[in-house]
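1. Prediction below, plus the sequence it came from.
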Amino acid sequence: DDYYDVLETDVPTPTVKKSSPSSLFQNWKAVIPTLVEIFLSYLTCTMGKPIPTPSSTMSHCLQACETKTSVVVCLYLDHFRSIPVYSCKCASLPQVLLHHGLFPASPSQPRVAVSVELLSFYRSLFERSCDAVNALASALNSHYIRRGF
């Protein structure tokens, strides 16, 4: 009987700051325009070329600013790893990530980023939803065409 007499205050509750859907939308709405040019530049530089080898650290400061270090889990086609990323006043964390071919999982203070190539591959797979073997073969074909091969 005493087993069930645990007071609510005895149980620790984690404090996780959650954004409301409208504030999250507003944050993405503010960040996306700052990423468009970087994304197009990345696509232009990588089209028809092998996927660049990921850096062990990432930065893109243009003015020798004071930097802030964030460790981001980066998801690639063939692996994932935690990478220190240096952002500053002239290069926000999402901008630095995208400059290195990674899309942030959140608009501010992302802790996870997904490679542009993996997102492109997912899009190709999604477009070709059928049985697993045909889906993978068609997705690889679409993915390679988009990458200029």
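-> Okay, I see it.
2. can you point me to the longest helix in this structure?
-> Criterion DSSP state H: the longest helix present in the chain is helix 21-46.
3. For the residue nearest the centre of the chain, which non-adjacent residue is closest in space?
-> Using CA atoms, centre = their mean, the residue of the chain that lies closest to the mean C-alpha position is residue 113, 2.3 Å off. Distances taken as CB to CB, 6 or more residues apart in numbering put residue 102 closest to residue 113, at 3.7 Å, once the chain neighbours are dropped. All C-beta spots, glycine's among them, are computed from the backbone N, C-alpha and C.
4. I figured the one you found hits residue 116, correct?
-> Yes. Between residue 102 and residue 116 there is a contact at 7.1 Å, judged by CB atoms under 8 Å.
5. So those two - more neighbours on which side?
-> residue 102 (28 against 19; other CB atoms under 10 Å).
6. What pLDDT does the model give that one?
-> Per-residue pLDDT puts residue 102 at 97.
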